[in-house]
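[1] model the structure of this input:
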Amino acid sequence: MVKIVALGVSLLFYILSFCLSVAAAVKRSTAVEEVDIATGKIRCLYTSDISTGLAAGALICLVVAHVVILFATRCLCCGGKLIPGSAKTFGIFAYILSWFCFIVASSALIAGAAQNKIQTQGDFNYFGANVTCREVRKSVFEAAAAFSFLTALFSELYYMLISKAWAPEWQSNGPSVGMSPYP
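    Okay, the predicted model is just below:
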């Protein structure tokens, strides 16, 4: 039962993280050049700053999902004994890949949110008429969404393989014969 709950909760947060990353890519800020009437300088006007909040929400959901999986498996280092075999080997491989994908996804989300926040403040052009209104590339949030999906895939696979490789707890068969020669 605990296995199903941990998988369900983490999968829910991974799906939410993926959806928020895609929404951040769609709702990222775009810029339009405008001449400021008061100063006569060209200014970049940006649309709303909603993708920064979406990216932050995606990062929080990604971290929560990853923490749920790590607590459920006891982080691979603090857990019980694992039975040697292919489940343990592929589980460790999936663990390493899930961490790699997690680091890339979280880095892309942080970078995209930071770039989007900085660029929506508005820039004045002090160097003449050649103004370029920089925008966050759509691919930053799309890469975050892709790596969020891969993190979900490898984390769920890791959890299923490691839970299969857990050694059963020692069970007593009832009272046994004492080890001393006399009662």
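[2] give the buried residues for the helix or strand that residue 92 is a member of.
    Using DSSP states H and E, residue 92 sits in helix 86-119. Residues of helix 86-119 classed as buried by neighbour count (16 or more other C-beta atoms under 10 Å): 87-88, 90-92, 94-95, 97-99, 101-102, 104-106, 108-109, 111-113, 115-117, 119. C-beta coordinates here come from the backbone N, C-alpha and C atoms, glycine included.
[3] what does stretch 47-63 give?
    Applying 16+ other C-beta under 10 Å to stretch 47-63 flags 49-59, 61-62 as buried.
[4] equivalent analysis for stretch 144-155, please.
    144-152, 154-155.
[5] now the residues you listed as JSON lines including secondary structure, distance to residue 22 and pLDDT?
    Formatted as JSON lines, the buried residues of stretch 144-155 follow (DSSP: H, G, I helix; E, B strand; the rest coil; distance: C-beta to C-beta, whole Å; pLDDT from 0 to 100):
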{"residue": "144", "secondary structure": "helix", "distance to residue 22": "9", "pLDDT": "95"}
{"residue": "145", "secondary structure": "helix", "distance to residue 22": "5", "pLDDT": "95"}
{"residue": "146", "secondary structure": "helix", "distance to residue 22": "10", "pLDDT": "96"}
{"residue": "147", "secondary structure": "helix", "distance to residue 22": "12", "pLDDT": "97"}
{"residue": "148", "secondary structure": "helix", "distance to residue 22": "9", "pLDDT": "96"}
{"residue": "149", "secondary structure": "helix", "distance to residue 22": "10", "pLDDT": "97"}
{"residue": "150", "secondary structure": "helix", "distance to residue 22": "14", "pLDDT": "97"}
{"residue": "151", "secondary structure": "helix", "distance to residue 22": "15", "pLDDT": "97"}
{"residue": "152", "secondary structure": "helix", "distance to residue 22": "13", "pLDDT": "96"}
{"residue": "154", "secondary structure": "helix", "distance to residue 22": "19", "pLDDT": "96"}
{"residue": "155", "secondary structure": "helix", "distance to residue 22": "19", "pLDDT": "95"}
